[in-house]
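Novice: just need the structure, nothing else, for what follows:
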Amino acid sequence: MFDMKILGIIPARYASTRFPAKPLIDIAGKTMIQRVYEQAKQCTLFSKIIVATDDDKIYDHVLQIGGDVMMTSTTHQNGTERCAEVIENLSDQFEIIINIQGDEPFVDPALFTMLIQAFKDPQIQIATLIKPIIDKAYIDNPNIIKVVKSVTNKALYFSRAAIPFQRNEAAKIQFYKHIGLYAYRKEVLLEIVKLGAGVYEQIEMLEQLRWLENNYPIHLIETDLEADSIDVPADLDRLLKKYF
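Specialist: Purely as a prediction, here's the structure:
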């Protein structure tokens, strides 16, 4: 049995630059946020799952589907800050927080289980997931985040670029895709949101680089499971063909 209290938070922002109102788009009869919520509910290790939004329409919709929801600030720069506001306003003593991406409507619940079980190791403070890249088209796609790891499965760096650069063409190489689900111990989550924007974060526009730059180790869990995200309208068309 897993005896820690686990909180799953689904940040859901209405004003997405690339895909406005994305959480409420229809995906074969259900909104995206409903599909994400239902996938998360399939993981029995969660003590509670809550949607964190800044929009009345999303708030009302989550209530209509029987979900838990909290209104949060419109000024947050990322999902981590939104998660921190939720945990600061809850009286329950949750120990592990899972930041569930609100744009991955077909996420496999087993990924949440992998993240949560990693925290049986008391040394792990932040954890996330990676997947070997098979499709070479992903390597040079800046929307697919790549990661390099240490021999102890700690993240060395995340990038939109193809890393590592293959100068030695004879060397064997495995590229890894980052699956953007994060898990944090509560105390660490409340610490990292107080950090100023990092140099590399501002260059790559990847918030996890802020944590690495400030010496917060990120544990990597390798999986073969996929978590398809919908970043732009074209992604929706592609995934509808894949899943329906």
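Novice: what residues are bridge-paired with the closest residue to Asn153 other than its chain neighbours?
Specialist: Using CB to CB, 6 or more residues apart in numbering and skipping the chain neighbours, the partner closest in space to Asn153 is Leu220 (4.8 Å). C-beta coordinates here come from the backbone N, C-alpha and C atoms, glycine included. Note on Leu220: beta-bridge partners by DSSP bridges are Thr128.
Novice: so Leu220 touches Val151, yeah?
Specialist: No - between Leu220 and Val151 there is no contact under CB atoms under 8 Å: 11.4 Å.
Novice: which one of the two has more residues nearby?
Specialist: The residue with more neighbours, out of Leu220 and Val151, is Leu220; 22 against 5, by other CB atoms under 10 Å.
Novice: for that one, what are its contacts?
Specialist: Ala127, Thr128, Leu129, Ile130, Val147, Lys149, Asn153, Lys154, Ala155, Tyr176 (CB atoms under 8 Å, 6 or more residues apart in numbering).
Novice: at 10 Å what do you get?
Specialist: 118, 127-130, 147-150, 152-156, 176, 178-179 (CB atoms under 10 Å, 6 or more residues apart in numbering).
Novice: gap between Ile97 and Thr75?
Specialist: Look at Ile97 and Thr75: by CB to CB, to the nearest Å, they are 20 Å apart.
Novice: those two: which is more packed in?
Specialist: Ile97 (23 against 7).
Novice: center of the protein, which residue is that?
Specialist: Leu181 (2.7 Å; CA atoms, centre = their mean).
Novice: in a helix, it, correct?
Specialist: No - judged by DSSP: H, G, I helix; E, B strand; the rest coil, Leu181 forms no part of a helix; its state is strand.
Novice: I'd assumed Gly102 was in contact with it.
Specialist: No - using CB atoms under 10 Å, Leu181 is not in contact with Gly102, being 11.2 Å away.
Novice: give me the below-cutoff pLDDT ranges for the protein.
Specialist: Scanning the chain for pLDDT under 70 picks out 1-2, 17.
Novice: just the strands in it please.
Specialist: Applying DSSP state E to the chain gives strands spanning 6-12, 26-27, 30-31, 48-53, 69-71, 96-99, 126-132, 146-149, 155-159, 176-185, 218-222.
Novice: helices or strands next to the fourth one in the packing?
Specialist: Helices and strands touching strand 48-53, by 3 or more CB pairs under 10 Å, 6 or more residues apart in numbering; DSSP states H and E, are strand 6-12, helix 32-41, helix 56-64, strand 69-71, helix 79-88.
Novice: relative to Ala137, which of those is closest?
Specialist: For the helices and strands packed on strand 48-53, proximity to Ala137 was assessed by CB to CB; helix 32-41 is nearest, at 24.4 Å.
Novice: so the closest one versus strand 48-53, what angle?
Specialist: 160 degrees (axes from the mean of the first three to the mean of the last three CA atoms, to 10 degrees).
Novice: quick check: buried residues in helix 32-41?
Specialist: Within helix 32-41, the residues that count as buried by 16 or more other CB atoms under 10 Å are Met32, Ile33, Gln34, Arg35, Val36, Tyr37, Gln39, Ala40.
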